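Asker: curious how this folds, go ahead:
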Amino acid sequence: MIDALEAAQVDYLLGGSLALAAWGEPRSTLDVDLVVNLPVDQMPPLSEELARRGILVPADLMLDLWMEDRGDVALVAYHTVAGFKAKLFMLRPGDALRASALARRRRMDLESPLGVVNLHSPEDLILYKLKYYDIGEQTKHVRDILGILLARGPELDWDYLDYWVRQLQLAKVWQYIVSEARRLGAKRP
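Answerer: Sure thing, here's the model as predicted:
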């Protein structure tokens, strides 16, 4: 998937549990989460690059999902032989958080088999996990955030986190998680 995105010159970042492995406590999952800035004119080249790698996602399906306005619907892609699943979350007009996350992505070497890839910053990964917890109340997101706070607390851009927590109206759950992280020994500058 990443090879196809890079070959089609699509801006991306790797999120979810793979980014979590770089910033906090690793957790296994059955899919790969990616954020992409996929302008309409790059959809056909990306579709072609994916097809070369056994992943069939027609450009018209990409466009249909890009135009979807009922929520944050991911483009799901399966490798036709291996069955691996990737979810692509597309940047849409007016999505300031996703635009910020793409601008703040970090290039890191995750070693073989992935190599050097673009990752969610730890702060943006925290923010998305807060959003997903607010939507579905899955406790795995709280555990993931606690893992990042315990591993990276002093390194985090707390002003950036506080700004977006206010923008996303997630202060109550954020305050609870931060207090729990402090109880567990996390440090904040």
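Asker: all contacts plus neighbour counts: C-alpha atoms, from now on.
Answerer: OK.
Asker: now stretch 92-110: buried residues?
Answerer: For stretch 92-110, burial by neighbour count (16 or more other CA atoms under 10 Å) applies to R92, L97, R98, A99, A101, L102, R104, R105, R106, L110.
Asker: just the ones of the residues you listed in strands?
Answerer: Among those, the residues falling in strands (DSSP state E) are R106.
Asker: can you give the contact residues for the helix-or-strand element of the chain with minimal mean pLDDT?
Answerer: Within the chain, no helix or strand scores below helix 16-23, which has a mean of 88 by mean pLDDT, DSSP states H and E. For helix 16-23, the external contacting residues (CA atoms under 8 Å, 6 or more residues apart in numbering) are 26-29, 32-34, 110, 119-120, 122, 125, 144, 147-148, 151-152.
Asker: give me the buried subset of those.
Answerer: Neighbour counting by 16+ other CA under 10 Å classes 32-34, 110, 119-120, 122, 125, 144, 147-148, 151-152 among those as buried.
Asker: show me where this protein has strands.
Answerer: With DSSP E as the criterion, the chain has strands at 11-14, 31-37, 75-78, 85-90, 106-109, 116-119.
Asker: what would those look like in CSV with mean pLDDT and distance to Y133?
Answerer: Formatted as CSV, the strands of the chain follow (pLDDT from 0 to 100; distance: least, CA to CA, whole Å):
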stretch, mean pLDDT, distance to Y133
strand 11-14, 95, 19
strand 31-37, 92, 16
strand 75-78, 90, 21
strand 85-90, 92, 17
strand 106-109, 92, 23
strand 116-119, 92, 20
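Asker: my read: L170 touches L130, true?
Answerer: Yes - between L170 and L130 there is a contact at 7.3 Å, judged by CA atoms under 8 Å.
Asker: neighbour count winner among these two?
Answerer: Using other CA atoms under 10 Å as the criterion, L170 and L130 rank with L130 on top: 23 against 17.
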